[in-house]
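> fold the following, please.
(chains A and B)
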Amino acid sequence: MENMGLGLELMGIGMVTVFVILLIVIFGSRLLITIINRIAPEESKPQKAAAADDTAAVKPVLDAAVAQLTGGKGHIIKITKIS
Amino acid sequence: MGEILDRLYHMTALSDLIADPSYLLMYLLAFVLLYLGIVKKYEPLLLIPIGFGVLIANFPGGEMGVIQANAEGLVPLADGTMVDIWKMPLHEIAHEFGIMNYLYYALIKSGLLPPIIFMGVGAMTDFGPMLRNLKLAIFGAAAQFGIFAVLLASLALGFTPQEAGSLGIIGGADGPTAIFTTIKLAPHLLGPIAIAAYSYMALVPVIIPLVVKLLCTKKELMINMKEQDRLYPDKMQIKNMRVAKIVFPIAVTVIVAIFVPTAVSLVGMLMFGNLIKEIGADTSRLFTTISNGLMNTATVFLGLCVGATMTAESFLNLQTLGIIAGGFLAFALSIASGICMVKIWNLFAKKKVNPLVGATGLSAVPMASRVCNGISTKYDPKNHVLNYCMSSNIAGVIGSAVAAGVLISFLG
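Coordinates of the predicted model:
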């Protein structure tokens, strides 16, 4: 029972520390997000133009994969995007 | 002929098993753990190595059980003389006490494996939900109350402060944190504490609904967080999530390192693993290693070594029962304190929070969040709280590591 004082002290210090650290993380992160929003507001997105050539770009890869799997007997006739 | 048979009998483990049937209880425990892992699929990645570790550690003469040093660091040799294990080279430990003691003292007692596992956890965690709902992270702090409440209760029951700290940390619901703290404070309790921590983590789908049912009303559980977001939108929007996710782990490491340096080995490694994940293609090879090979290797050795600490002589006592009961209390109190903080919050805030967000303030990521999402959708199939729960859930990982740092600083 003589350690109860130490236990209460640890409870106080521990809970306050956890709350303070998480509050700093929360407000620090908000500050960081504000700074990032100013410095680098946009995520670099892949260029849309490249999407049109998707089929042409992947066809050789698909051809090679199909040839490998079918031992050269299979061929791709058509590529259709499902969704 | 009789003499040969007698020598054969003593060569096998049978003579020791008949002389001390307590080993049979340990086999039973091993089989239960293996059953839970293999058949019930409760945390199989950990309970199966732990269960098998218990099994192989309890065959007399097998030299697979971990020998715990006393408070002075002394262990008995075969001839009865006491030696300081910290002055023994690792190869001598392997020679005198077997390969499992080599692994235990090199990987576990040195404190190496828990931070490595934390690194893997970091590499598999997405901090996005926390960044999107930063305010909710504060409930991850409230849920650490169970740790300190059980520490206090354990002191009242006569545990030493170091043992009480190790027992309380089970309430953090984080296996590696519980193991790391116990290694530092009360290594002789490692086996039962690890078992309690991982068993209760596996029982999260049972414990959370139980506490929620006791403390929450249907009206509270039907609070729709998306609706609250629509009514009271957050003014701050993240315009570049990728950069935010890269800067976040670096910032958190610096903050924790400044305020609680003893928690850096856990939080720092967690954040390092996460940083490697968020950088993407440039560090993809490191990410693959951390989240697969390294994590799996660490898990195998951690599980086996923790299981091997549970020998009949160190496990079968009243203290173990106290740890199992205290661990449950720590778990339930952590969930309850998170819920209570949400209730207090809701008394003053216009934007209401579903109490399930408080219940996930303990770690156990992401199972706690999934369980709470299941509860909310039971009352309202459209009310998905998963992303909101993940915020306090991830904050709980940081919170429990910080709490562990405080305990190690004051009691270590």
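
> quick check: B:T309 vs chain A, distance?
According to CB to the nearest CB, to the nearest Å, B:T309 and chain A sit 25 Å apart. C-beta here means a position set from N, CA and C on the backbone, and glycine is covered the same way.

> that residue reaches B:M64, doesn't it?
No. Counting by CB atoms under 8 Å, B:T309 does not reach B:M64; the two are 11.0 Å apart.

> any residues in contact with both of these two?
B:A57 (CB atoms under 8 Å, 6 or more residues apart in numbering or on different chains).

> any idea of the mean pLDDT in the longest helix anywhere in chain A?
As assigned by DSSP state H, the longest helix anywhere in chain A is helix A:4-39. Averaging pLDDT along helix A:4-39 gives 94.

> pull the residues that contact the helix or strand where B:G191 lies.
Taking DSSP states H and E as the criterion, B:G191 maps to helix B:190-202. Helix B:190-202 is contacted from outside by B:33, B:36, B:42-43, B:46-47, B:50, B:108, B:166-167, B:169-170, B:173-175, B:178-179, B:182-183, B:186, B:207, B:306-307, B:309-310, B:314-315, B:319-320, B:323-324, B:326-328, B:331, B:364, B:367, using CB under 8 Å, 6+ apart.

> distance check, the spatially most central residue of chain B against chain A.
The residue lying closest to the centre of chain B (CA atoms, centre = their mean) is B:G175, at 1.1 Å. Distance, B:G175 to chain A, by CB to the nearest CB: 19 Å.

> kindly report the same for B:F259.
B:F259 sits 6 Å away from chain A, going by CB to the nearest CB.

> do B:M222 as well
Here B:M222 is placed at a distance of 27 Å from chain A (CB to the nearest CB).

> who's in contact with that residue?
Contacts of B:M222 were listed using CB under 8 Å, 6+ apart, and they are B:S376, B:Y379, B:D380, B:N383.

> how about the residues of chain A by chain B?
Residues of chain A lying near chain B by CB under 8 Å from any CB of the partner chain: A:1, A:3-4, A:6-8, A:10-11, A:13-15, A:17-26, A:28-30, A:32-34, A:36-37, A:40-43.

> my guess is B:M119 meets B:T297, correct?
No. Counting by CB under 8 Å, B:M119 sits too far from B:T297 to count as a contact (12.0 Å).

> what number of residues lie near B:L14?
12 (other CB atoms under 10 Å in any protein chain shown).

> so how far is B:L316 from it?
B:L14 sits 20 Å away from B:L316, going by CB to CB, to the nearest Å.

> give me the contacts around stretch B:319-331.
B:146-147, B:149-150, B:153-154, B:157, B:159, B:167-171, B:173, B:189, B:192-193, B:195-197, B:199-200, B:207, B:362.

> just the buried ones out of the contacts of helix B:190-202, please.
B:33, B:36, B:42-43, B:46-47, B:50, B:108, B:166-167, B:169-170, B:173-175, B:178-179, B:182-183, B:186, B:207, B:306-307, B:309-310, B:314-315, B:319-320, B:323-324, B:326-328, B:331, B:364, B:367 (16 or more other CB atoms under 10 Å in any protein chain shown).

> a strand runs through B:E163, doesn't it?
No. Counting by DSSP: H, G, I helix; E, B strand; the rest coil, B:E163 is not part of a strand but helix.

> which residues sit in contact with it?
Residues near B:E163 by CB under 8 Å, 6+ apart: B:S154, B:L185, B:A186, B:L189.

> these: which two are farthest apart?
B:S154 and B:L185 (11.8 Å; CB to CB).

> buried ones in the longest helix of chain A?
Within helix A:4-39, the residues scored as buried using 16+ other CB under 10 Å are A:6-7, A:10-11, A:14-15, A:17-19, A:21-22, A:24-26, A:28-29, A:32-33, A:36-37.

> quick one on the thing from earlier: next step: the contacts of B:E163 restricted to helices.
If you go by DSSP H, the contacts of B:E163 have B:S154, B:L185 in helices.

> filter the contacts of B:E163 down to the buried ones.
B:S154, B:L185, B:A186, B:L189.

> closest one of those residues to chain A?
Within the buried ones among the contacts of B:E163, the smallest distance to chain A is 8.3 Å, found for B:S154 (CB to the nearest CB).

> neighbours around the residue of the stretch 201-350 of chain B found nearest chain A, how many?
Scanning the stretch 201-350 of chain B for proximity to chain A using CB to the nearest CB identifies B:K239 as nearest, at 4.4 Å. Residues within reach of B:K239, counting by other CB under 10 Å, total 15.

> what's near enough to touch it?
Taking CB under 8 Å, 6+ apart as the test, what B:K239 contacts is A:I36, A:N37, A:A40, A:P41, A:E42, A:E43.

> drop anything exposed from the contacts of stretch B:319-331.
Here, 16+ other CB under 10 Å leaves B:146-147, B:149-150, B:153-154, B:159, B:167-171, B:173, B:189, B:192-193, B:195-197, B:199-200, B:207, B:362 buried among the contacts of stretch B:319-331.

> which residues does B:T262 contact?
By CB under 8 Å, 6+ apart, the contact set of B:T262 is B:A404, B:G405, B:V406, B:I408, B:S409, B:G412.

> could I get those residues as CSV with pLDDT and secondary structure?
Listed next are the contacts of B:T262 as CSV, based on pLDDT from 0 to 100; DSSP: H, G, I helix; E, B strand; the rest coil:
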residue, pLDDT, secondary structure
B:A404, 95, helix
B:G405, 94, helix
B:V406, 95, helix
B:I408, 94, helix
B:S409, 94, helix
B:G412, 84, coil
